[in-house]
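Engineer: Here is a sequence together with a model predicted from it:
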Amino acid sequence: MKNEVMRLTDKEIACISQDLDMGMVCFIHRETGEIVIHPDLVQFGDYIDSDTDLWDEPINKVKQGREDFVQINAMESYYTAQGFRSVVGI
């Protein structure tokens, strides 16, 4: 996917938007377009049960390959899905 514009479907955009609204963090792999989502550790770190590995895989995937991922940040509520599309260039 190098030197190509990343394309997200309307469904992917809606899912990312909902996850961001719930306090998740979203990363997209630069080459494969894989979307990786996990709880915001700054916001919810105290509430994540350390005895469960539910979030270990996505967290470790991003940590181990951080340079391969782009983080998508939440926008102010006045942005619409159309605004999101224009920001990411699709």
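Structural biologist: Okay, I see it. Numbering: from 1, shown residues only.
Engineer: alpha carbons only for contacts and neighbour counts from here, please
Structural biologist: Noted.
Engineer: lowest-confidence helix or strand of this structure?
Structural biologist: When each helix and strand of the chain is scored by mean pLDDT, DSSP states H and E, helix 81-88 comes last, with a mean of 59.
Engineer: For the lengthiest helix in the chain, what does the pLDDT average out to?
Structural biologist: In the chain, ranked by residue count with DSSP state H as the criterion, the top helix is helix 10-21. Mean per-residue pLDDT for helix 10-21: 90.
Engineer: Extract the C-alpha set from that helix and format it as PDB.
Structural biologist: C-alpha atoms of helix 10-21 as PDB (Å, rounded to 0.1, in the frame of the first residue of the first chain):
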ATOM      1  CA  ASP A  10     -18.200   4.200   5.200                       C
ATOM      2  CA  LYS A  11     -18.700   1.300   7.500                       C
ATOM      3  CA  GLU A  12     -15.100   1.400   8.700                       C
ATOM      4  CA  ILE A  13     -15.300   5.200   9.200                       C
ATOM      5  CA  ALA A  14     -18.600   4.700  11.300                       C
ATOM      6  CA  CYS A  15     -17.000   2.000  13.400                       C
ATOM      7  CA  ILE A  16     -13.900   4.100  14.100                       C
ATOM      8  CA  SER A  17     -16.000   7.100  15.000                       C
ATOM      9  CA  GLN A  18     -18.100   5.100  17.400                       C
ATOM     10  CA  ASP A  19     -15.000   3.500  19.000                       C
ATOM     11  CA  LEU A  20     -13.400   6.900  19.400                       C
ATOM     12  CA  ASP A  21     -16.600   8.200  21.000                       C
END
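Engineer: Thanks a lot, see you next time.
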